[in-house]
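Peer 1: Next input, structure requested:
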Amino acid sequence: MTESCHPGKYWHRLNDGRIQCDLCPRDCKLNEGQRGACFVRMREGDQIVLTTYGRSSGFCIDPIEKKPLNQFYPGSSVLSFGTAGCNLACKFCQNWDISKSRDMDKLMDQASPETIAIAAEQNGCKSVAFTYNDPVIFAEYAMDTADACHARGIKTVAVTAGYMHDQARRDFYGKMDAANVDLKAFTEDFYFKLTGSQLQPVLDTLVYLRHETDVWFEMTTLLIPGKNDSDAEISAMCEWIMRHLGPDVPLHFSAFHPDYKMADIPQTPASTLIRAREIALRAGLHYVYTGNMHHAEGDTTFCPNCHASLIVRDWYQIHEYRLTVDGRCPDCNSPIAGRFDVQPGNFGRQRIPIAIHRIQA
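Peer 2: From the prediction side, this is the model:
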């Protein structure tokens, strides 16, 4: 086994001699030396191994609102990193140079879980985020890192498409404090044609998170002109959220920018995001945001009862923070869903790349 390979947890042998990966619904069936659709999980001998354990495409300290998580310790900083590969095949991927890469040389930084936890602690980060590519495919690395972070009082965040099987889902989210889950659209046709996956496993993940865990999670939908931005689809999605998740799970509508295999599609107009937000609010959702555009109202957290502005943001900078010490609206005393400190962080709009190999234990 090579230095960066690590035994995988989720697989079983088939009667025909192949090994099936049980991490996600792709159910890749592998002969010796073959890699799964994610490219980073491979059959080596009589097991599945993760080929990117301990290797990253880079580390950066971000505002937590960039994940985006607006109601998880607002204003705090998060140490973000990813690896390479992905188990989806999104034609609109905006991190395609990382997530679609089969070039292991893109993994420049080598870091053990303990080193990552130390880096977060030494840089004053409230949390560590597994992001840039989907952490589902490097689950073992992410879970080990989460254990190391928790030992030092550091929270953990998964930024994911939520495409995974039940047992892996339970193990993985047992290690996470927060997540942002991409609900990429609300039709099977979109998922099949534009992501090479299925909608239902993502819905299963969302229902699991809401009803069987204490993980704080928010959702993001990238609105692509002509693909998933109709009033009917947005309404159907919001009605499903209300029915199955309730009104308190924050929803972010984000603007698409032409990229990867969909460079011919125009960027999303601001009016589309504002319209989607209005539809979601009318459906009864309490916390609806807009992203990848400058929209003060869509950046602000409002009280769902009296509609007072509570956390006023300009992009990722917090200008006003009016929550009480126990996370309530000061005007009507309504509880606000989320995870909050007595005072917000002041990290603001910074983005700070760090060299992980310089971290000293």
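Peer 1: residue closest to the middle of the chain?
Peer 2: Val159 (1.4 Å; C-alpha atoms, centre = their mean).
Peer 1: quick one, what contacts the closest residue to that residue other than its chain neighbours?
Peer 2: Nearest non-adjacent residue to Val159, counting by C-beta to C-beta, 6 or more residues apart in numbering: Thr131, 3.8 Å away. Just so you know, the C-beta spots here come from the backbone N, C-alpha and C atoms, and that holds for glycine as well. Contacts of Thr131 were listed using C-beta atoms under 8 Å, 6 or more residues apart in numbering, and they are Lys67, Ser80, Phe81, Gly82, Val157, Ala158, Val159.
Peer 1: switch to 6 Å and redo it
Peer 2: Ser80, Gly82, Val159 (C-beta atoms under 6 Å, 6 or more residues apart in numbering).
Peer 1: In a strand, the last one, correct?
Peer 2: Okay, so that is Val159. Yes - checked against DSSP: H, G, I helix; E, B strand; the rest coil, Val159 lies within a strand.
Peer 1: And Leu285, how far from Arg243?
Peer 2: 12 Å (C-beta to C-beta, to the nearest Å).
Peer 1: Then Arg328?
Peer 2: Applying C-beta to C-beta to Arg328 and Arg243 gives a distance of 27 Å.
Peer 1: Between these two, point out the one with more neighbours.
Peer 2: In this comparison of Arg328 against Arg243, neighbours counted by other C-beta atoms under 10 Å, the higher total goes to Arg328 at 17 against 8.
Peer 1: Could you check the pLDDT of the nearest residue to that one once chain neighbours are set aside?
Peer 2: Counting by C-beta to C-beta, 6+ apart, Arg328 lies nearest to Pro335, which is 5.4 Å off, once chain neighbours are set aside. Residue-level confidence at Pro335 comes out at 98, pLDDT.
Peer 1: count of residues packed around Pro335?
Peer 2: Quick note: Pro335 (other C-beta under 10 Å) scores 15 neighbours.
Peer 1: hmm, back to that, from Cys5, how far off is the residue nearest to the centre of the chain?
Peer 2: 25 Å.
Peer 1: and what of Glu114?
Peer 2: For Glu114, the distance to Cys5 - C-beta to C-beta - is 19 Å.
Peer 1: for Asp326, same thing?
Peer 2: 47 Å.
Peer 1: Quick check: phi and psi at the residue nearest to Val159.
Peer 2: phi -150, psi -170 (degrees, to the nearest 10).
Peer 1: Over to Phe340?
Peer 2: Phi and psi for Phe340, reported as degrees, to the nearest 10, are phi -130, psi 150.
Peer 1: May I see the buried residues of stretch 222-239?
Peer 2: Leu222, Leu223, Ile224, Lys227, Asn228, Asp229, Glu233, Ile234, Ser235, Met237, Cys238 (16 or more other C-beta atoms under 10 Å).
Peer 1: Ok, stretch 140-154 next?
Peer 2: Glu140, Tyr141, Ala142, Met143, Asp144, Thr145, Ala146, Ala148, Cys149, Ile154.
Peer 1: What separation is there between the fifth one and Met164?
Peer 2: Taking C-beta to C-beta as the criterion, Asp144 is separated from Met164 by 17 Å.
Peer 1: in the helix or strand harbouring Asn180, what counts as buried?
Peer 2: Per DSSP states H and E, Asn180 falls inside strand 178-182. Buried residues in strand 178-182, counted by 16+ other C-beta under 10 Å: Ala178, Ala179, Asn180, Val181, Asp182.
Peer 1: related to what we said a few turns ago, now distance to Gly291, pLDDT and secondary structure too, for the buried residues of stretch 140-154, in CSV please.
Peer 2: Output for the buried residues of stretch 140-154, formatted as CSV (distance: C-beta to C-beta, whole Å; pLDDT from 0 to 100; DSSP: H, G, I helix; E, B strand; the rest coil):
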residue, distance to Gly291, pLDDT, secondary structure
Glu140, 30, 98, helix
Tyr141, 27, 97, helix
Ala142, 24, 98, helix
Met143, 28, 98, helix
Asp144, 31, 98, helix
Thr145, 26, 98, helix
Ala146, 26, 98, helix
Ala148, 30, 98, helix
Cys149, 26, 98, helix
Ile154, 25, 98, coil
